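*Asks:* Have a look; sequence and predicted model below, questions after that.
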Amino acid sequence: MGGFPILSAMLAVPLFAALACLFVEAKMARTIALGATLVNLALGIVLWAGYDIGGAQWQFTERAEVFAGFSYALGIDGIALMLIVLSVFLMPICILASWESIQKRVGEYMAAFLFMEVLMIGVFAAQDMFLFYIFFEAGLIPMYLIIGIWGGDNRIYASYKFFLYTLLGSVLMLIAMLWMVNEAGTTYIPTLMQYDFAPEAQTWLWLAFFASFAVKMPMWPFHTWLPDAHVQAPTAGSVILAGVLLKLGGYGFIRFSLPMFPEASAQFVWLILGLSMVAVVVTSLIALVQHDMKKLIAYSSVAHMAIVTAGLFAFNVQGLEGAMIMMLSHGLVSGALFLCVGIIYDQLHTREIDRYGGLSINMPKYALFFLLFTMASIGLPGTSGFVAEFLSLAGVYKVSSFATFVLTTGIILGAAYMLYLYRRVAFGEQKNADAAAMKDLSVREWLMLGPIAAAVLWMGVYPESFLAPMRADIAALDARIARAAPEGDAKISAGEPLQEAANAMPGDHVSETHGAEGAH
Amino acid sequence: MSILNSLYLSAPEIGLVVTGLILLLVTAFGGVKTSRGVTIAAVAALFGAAIFTLDLFTNPSFALGGDIWSGLYRMDAFGSFSKILIYLATIGCLIVTPKFFDATNEYRPEYPVLMIFGAVGMGIMVSAVDLITLYMGLELMSLASYVLASFARSDERSAEAGLKYFVLGALASGILLYGMSLVYGFTGSTSYLGIRAALDGGMSTGAVFGIVFVLAGLAFKVAAVPFHMWTPDVYEGAPTPVTTFFATAPKVAALAVLMRMALDPFGGVSDVWQQVVIFAALASIIVGALGAIGQDNVKRLLAYSSINNVGFILVGLAAATETGAAAMLVYLAIYVAMSLGSFVAVLMMQDKNGRQVENIADMAGLSSSNPMLALCLAIMMLSLAGIPPLFGFWGKFVVFQAAVQADMLLFAALGIAASVIGAFYYLKIVKVMYFDDPAGVVEGRSDTSRWIVLAITTLIVSPLGYLLTPLLGDVAARAASALFFVV
């Protein structure tokens, strides 16, 4: 495909802006970073608008043979498109969130974020396995610096843990990738997605990829780096971590594990469902007893990600679509929740829940936004969270009704810990004078929260906009893995429609339209 | 082959020997004031030798190489590749040296002369196809190194390092020589061709002992575990520019000799030495990583890092394939850039009195007092740790690819998992420089020549280095195929 290499442009803009940020003063660096991320957002919108739904599977492809052993091949399908749009959408908000709270070494900070953006777009756009790996791993460096330089008191421990944990997961994946490339003779991801590896080999390959993605995701019990990293990272770092970095694991499963190793994936459904069930219940209970707001939201992330993994390994269209929407929704909602924490943290410099209270009195606008995102996190109908949870759980139900039962308790527990958090922060008495004196949202904070709120509602009310680009790709993936799909216990089949409605009055006409409901 | 041909094909070494002798005379009669001129002449001579070697490497009429000096010496792509690396590394080390000795006023014109003789020795080593030629080259290099290690005469640690290096180096040479005598005794030949032919005809237990002793002696020179103990002490004690030299050029030479030895005369019996190399590789990776964790001295840390890296390079040798050999050469080239870069960065850290800062704790907060230097060193460290998108990753990538292609999956998985341990201490340096509060010790002022060397190596190590991969891959593949061509 000819034309303007828009994906390369999206990589180049933040890259050059990052290099520029290293050499300029704080004020200039902020402006450059905001400008570059906004340009990228515009490019992302162009990308979305230009994406031909129902067209070729891989669009905007670019290819250049400039390296030995792998090639610079970019291209996106609907799944990658949505994740790229999510990344470029969150980046300007992150820059705004750091506008005032970051005062030391601003140039380097902005550069680290812009490098991060390059790498994230690169991961989603890479069509070459080793190019993917390079982008995937490289994200560790800027995130390590962001946590370590600008983080909280215990930042050094958290940065090491983050780095080494995720590195250990990834190196085994590299060995698996080397083996696959040696076996299949290509590094081109679309070809590899159609390559049938021997089922015995798939088991090992799947486990190696699992080691990496389960840590990135993070799945219980590999999640312990996440609360530490979140708590210590600056607000914008948490937003990026929750909003985009956690999506790398899910993206990895959907791009590599499922299409490349369908048999092995089916073989390990019990493992994934088991870990997801434990994760939802255990991390929700842990979240319930947290005193630190960021930690609470971090644990809720683990619980939400467990629903993603369960949905992915449901081997059907609903599950996959639900998992994708969950990733997008969680990216927005948990990002917004971290922003909400950041806004009050900037004023009071504590994340202790007990230090706040009654904020809805002195910060009504803030409380409103916080409420919206709390509800979205719980999955209230009308918000993105509902669509995500409903679709994923409907998908999982086809595989295992027991798993669905356990996962659904997560929603109840989720409501418990989120409402409990909200009650303690926003309602009740204003028992702390300094908390009661906090100012409501500034224009900058409006600009951060407003767009996310709009997106959350949009996704909740009309998810079709987000599902449409992914539909063909998810259908293709579903067809690819159908041969290995595990037999579910729900055995859902379309029922016979009743001859007449249950409440039909004698003598009425027989209704013809109610048949579909029995199909559940 | 005719004498003229022999002379032409070994011209870089001969030219260097002649230059070295002339400069020695200049030194003897001119005294200390000639040091600047002698250094420049030495750099020029090494540069000339590198260019000439490059010409031999690229000249299609010598594509197949050839045995010269009655089969004692071989000019081939492999030797040329290694020699170019060696000469360039030596030039890099020479350029950054003189300022180091300013404080004590100990720089003398003998220094470049010794470097030249060391480089000649290394050139002979990598081209040798006869045990005796090999030994001559090795000893020439070693003698120069022993003197260089104790070059800072007023520093006790330097003298200690020189003595340690000498005693242990002599022991290693002894082991090597003993192995050579066994190999000669059981195969009846000192030439690689003869040894290979004899071994292919059938192995005896004595020959196995010979092979193991020869490899042990060479493992000593490359500082592979379990023959690594001398490295931290020598690296710490020797003057920093000399340490830079030890970590680059002789490392390349020793590894190249090990490769040629293992793959040429012992190439037919690779199953005899493969497990030895596998053990040495894994042990080096692990010991190098664990040993570095507790170090406070940055030179000792880099010594362990070099042990660690040798382990990764040996992964390529353990594969015993042509891709493995090519991967080793790629890794070596990248390693030289990383090693040179990190040592030069260390060299540039001085306190107010112009003394070297070697304590890691004193580097705290370097990123705020000296951002460029800290950035370069951080890039070097993360690259040594093998984190993409830095170029160090590519070296690890190719060696592990070779191991996977040779079906050594478990070995590759263990090796790469152990590399995570190594990442810890490289991160420690980055942490000290970036996360800790400034200690205010380092006064980073340095001359342009060092900045140039640092900038070039940093550029190579940066993601831009990936643009070199096609070229580097081709060249290394050609060099490696020369090793296997003789079969």
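*Replies:* Cool, the structure landed. Quick caveat, the model's predicted, so the values are computed rather than measured.
*Asks:* what comes up buried for the helix-or-strand element of chain B with minimal mean pLDDT?
*Replies:* Lowest on mean pLDDT, DSSP states H and E among the helices and strands of chain B sits strand B:66-68, with a mean of 81. For strand B:66-68, a neighbour-count test (16 or more other Cβ atoms under 10 Å in any protein chain shown) marks B:D67, B:I68 as buried. Where C-beta positions appear, they are placed from N, C-alpha and C, glycine not excepted.
*Asks:* For the stretch 51-200 of chain B, which segments count as strands?
*Replies:* B:66-68, B:73-75 (DSSP state E, counting those that start in this stretch).
*Asks:* Which single residue in the stretch 51-200 of chain B comes nearest to chain A?
*Replies:* The stretch 51-200 of chain B approaches chain A most closely through B:F81 (15.9 Å), counting by Cβ to the nearest Cβ.
*Asks:* what's the spacing between that residue and B:S339?
*Replies:* 17 Å (Cβ to Cβ, to the nearest Å).
*Asks:* Low-confidence bits of chain A, can you list those?
*Replies:* Residue ranges of chain A with pLDDT under 70: A:1-2, A:506-520.
*Asks:* Where do the strands of it begin and end?
*Replies:* A:59-64, A:72-76 (DSSP state E).
*Asks:* closest one to chain B among those?
*Replies:* Of all the strands of chain A, strand A:72-76 comes closest under Cβ to the nearest Cβ, at 9.2 Å.
*Asks:* Show me what the lengthiest helix in chain B is packed against.
*Replies:* Criterion DSSP state H: the longest helix present in chain B is helix B:156-187. With contacts defined as 3 or more Cβ pairs under 8 Å, 6 or more residues apart in numbering or on different chains; DSSP states H and E, helix B:156-187 has these neighbours: helix B:131-149, helix B:192-200, helix B:205-222, helix B:230-237.
*Asks:* ok, the most centrally placed residue in chain B - contacts?
*Replies:* Nearest to the mean C-alpha position of chain B, by Cα atoms, centre = their mean, lies B:K251 at 2.1 Å. Under the criterion of Cβ atoms under 8 Å, 6 or more residues apart in numbering or on different chains, the neighbours of B:K251 are B:V222, B:A223, B:S306, B:V310, B:L332, B:Y335, B:V336, B:S339.
*Asks:* Among the residues you listed, which one sits closest to chain A?
*Replies:* For these, the nearest to chain A is B:L332 (16.2 Å; Cβ to the nearest Cβ).
*Asks:* The closest one and B:V252 touch, don't they?
*Replies:* Yes. Here B:L332 reaches B:V252: they are 5.5 Å apart, a contact under Cβ atoms under 8 Å.
*Asks:* Neighbours of A:G322, how many?
*Replies:* A:G322 has 28 neighbours, counted by other Cβ atoms under 10 Å in any protein chain shown.
*Asks:* how close does it get to A:K398?
*Replies:* 12 Å.
*Asks:* got it, and B:L176?
*Replies:* Per Cβ to Cβ, B:L176 is found 69 Å from A:K398.
*Asks:* related to what we said a few turns ago, identify the farthest-apart pair in the contacts of B:K251.
*Replies:* B:A223 and B:V336 (15.1 Å; Cβ to Cβ).
*Asks:* higher neighbour count, those two?
*Replies:* Neighbour totals were compared for B:A223 and B:V336, and B:A223 leads with 27 against 22 (other Cβ under 10 Å).
*Asks:* got the contact list for the residue nearest to that one when sequence neighbours are not counted?
*Replies:* Among residues not flanking B:A223 along the chain, B:T231 sits closest, at 4.4 Å (Cβ to Cβ, 6 or more residues apart in numbering or on different chains). Neighbouring residues of B:T231 by Cβ under 8 Å, 6+ apart: B:A223, B:A303, B:Y304, B:S306, B:I307.
*Asks:* taking those one by one, which sit in helices?
*Replies:* Those of these lying in helices (DSSP H): B:A303, B:Y304, B:S306, B:I307.
*Asks:* Now flag whichever of those is closest to B:A281.
*Replies:* B:A281 has its nearest neighbour among the ones in helices among the contacts of B:T231 in B:I307, at 11.1 Å by Cβ to Cβ.
*Asks:* How about that closest one: what's its closest non-neighbour residue?
*Replies:* B:G288 (3.6 Å).
*Asks:* Does chain A have contacts with stretch B:363-380?
*Replies:* Yes. For stretch B:363-380, a contact with chain A is found by Cβ under 8 Å from any Cβ of the partner chain, at B:S368.
*Asks:* follow-up on the earlier one: distance from the least confident helix or strand of chain B to the middle of the chain?
*Replies:* 25 Å (Cα atoms, centre = their mean, to the nearest Å).
*Asks:* who in the stretch 1-150 of chain A is up against chain B?
*Replies:* Near chain B, when you scan the stretch 1-150 of chain A using Cβ under 8 Å from any Cβ, you find A:66-69, A:105, A:130, A:133-135, A:137-138, A:140-141, A:144-145, A:148-149.
*Asks:* I'd assumed A:M470 was in contact with A:I79.
*Replies:* Yes. At 5.3 Å, A:I79 counts as touching A:M470 under the criterion of Cβ under 8 Å.
*Asks:* Neighbour count for these two, which is higher?
*Replies:* A:M470 (24 against 21).
*Asks:* how many neighbours does the residue lying closest to that one once chain neighbours are set aside have?
*Replies:* Once flanking residues are discounted, A:M470 sits nearest to A:G78: 3.9 Å by Cβ to Cβ, 6+ apart. Applying other Cβ under 10 Å, we find 23 residues neighbouring A:G78.
*Asks:* Next, the contact list for A:G78, please.
*Replies:* A:G78 neighbours (Cβ under 8 Å, 6+ apart): A:Y51, A:I53, A:A468, A:P469, A:M470, A:R471, A:A472, A:D473, A:I474.
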